[in-house]
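**Q** Just need the structure, nothing else, for what follows:
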Amino acid sequence: MSNDFTFRISTTRFDEDYSPSESSRATTNFANLARGADRQENLRNALTMIDRRFNDLARWDNPEGDRYTLEIDIVSVDLEFAASGDDQRFPLLEVLDLVIVDRQTGARHHGIVGNNFSSYLRDFDFSVLLPAASAAAGGFTVPEDFGVLHGKLFEAFLDSPEYRERFTVSPVICISVSTSKTYRRTDNRHPVLGVEYVQDEYSLTDEYFGKMGLRVRYFLPEGSSAPLAFYFRGDLLNDYTNLQLIGTISTMETFQKIYRPEIYNANSAAAGVFRPTLDSSDFSRTRVDYDRDERSRLALTQGKWAEEHFVTPHGDALARWAGLSPALVH
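**A** Numbers count the residues shown, from 1 in each chain. Here you go, the predicted structure:
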């Protein structure tokens, strides 16, 4: 592997006719919806939920609540490099890119890139490397430099000419808050993001995104049941327009309502002191079915695939590039 990576970017429209590519992780939110006999209905329902939530938050000059619709592209990023053998390209990550269409004026506003985040290498870190280190230590143990390689590759992509030529602002990733932490409401309120929550210590996921150069803040938008975790590189509150932030909220809150309805489709909003739990029974299910147990099983399968096709054959070269001990990569 050389020090010079090439990042190849491709896009696929996420609509009711979407079918995952062969390199898409099966556990990715959008790919999971596009499986089974009800795939098209699942996709149509999810897209309707996204548009309705967007218009609910963008109420100004929108009396009928149908002024806006979102066009969503899946951005797939492959890492290409010089290497012996067949594994010279690796599916590094997938995110979502949004365009906000104003039906009233015909204007098209570029939304935020990021939103969802999918990574085979993250599956390896969390489903293969972390359990192996914990088993060897006889208890839960986070390996030294856990997530550093993944973080360096992510930052290399953001700093690459391929990213800068295509995207003008830094990404924002939006996911669920951690069920292992307690969040407390503050007096800080943003007109779109809503009420800010804080916690006393970061989760392992927060720290992992920190290795990617992303900071985190937690906000509960108006009408939401629980705060969302927003991971960002610049200034979350000032780098993006209200419409851009609404696009991210409406898209990612919809996925969370489907995949974590106990938290994000709860029948009551988060209290001032909030401990997310998947054991709640006071929630409503969406019309989109989802197998959470299958997702856990597939994460291990996908992590092992990353180990076989990326970590094992290129571990030494990756370690040299990232300034790590080879033992910390393998």
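
**Q** And stretch 251-265, end to end?
**A** 14 Å (Cα to Cα, to the nearest Å).

**Q** Provide the contact partners of that stretch at residue level.
**A** With Cβ atoms under 8 Å, 6 or more residues apart in numbering as the contact definition, stretch 251-265 has outside contacts at 29-30, 33, 46, 49-50, 53, 70, 72, 96, 98, 115-116, 174-177, 179, 221, 224-226, 228, 276-281, 283-286, 288, 290, 292. (Glycine included, C-beta is placed from N, CA and C.)

**Q** try 6 Å this time
**A** With contact meaning Cβ atoms under 6 Å, 6 or more residues apart in numbering, stretch 251-265 is reached by 29, 46, 49-50, 115, 174, 176, 225-226, 276, 278, 280, 283-286, 288, 290.

**Q** Kindly report the same for stretch 150-164.
**A** For stretch 150-164, with Cβ under 6 Å, 6+ apart as the criterion, the contacting residues are F7, I9, L121, R122, K211, M212, G213, A322.

**Q** ok, of the residues you listed, which come out buried?
**A** Buried residues within the contacts of stretch 150-164, defined by neighbour count using 16 or more other Cβ atoms under 10 Å: F7, I9, L121, R122, K211, M212, G213, A322.

**Q** Just name the lowest-scoring one in the residues you listed, pLDDT-wise.
**A** Minimum pLDDT for the buried ones among the contacts of stretch 150-164 is recorded at A322 (85).

**Q** any idea how far that one lies from N115?
**A** Shown here: A322 relative to N115, a distance of 26 Å by Cβ to Cβ, to the nearest Å.

**Q** Any idea how many residues pack against N42?
**A** Other residues within reach of N42 by the criterion other Cβ atoms under 10 Å amount to 22.

**Q** so it sits right up against V288, yeah?
**A** Yes - with contact defined as Cβ atoms under 6 Å, N42 reaches V288; the gap is 4.8 Å.

**Q** Please tell me I have it right and A322 contacts G147.
**A** No - if you go by Cβ under 6 Å, A322 and G147 don't touch, sitting 10.9 Å apart.
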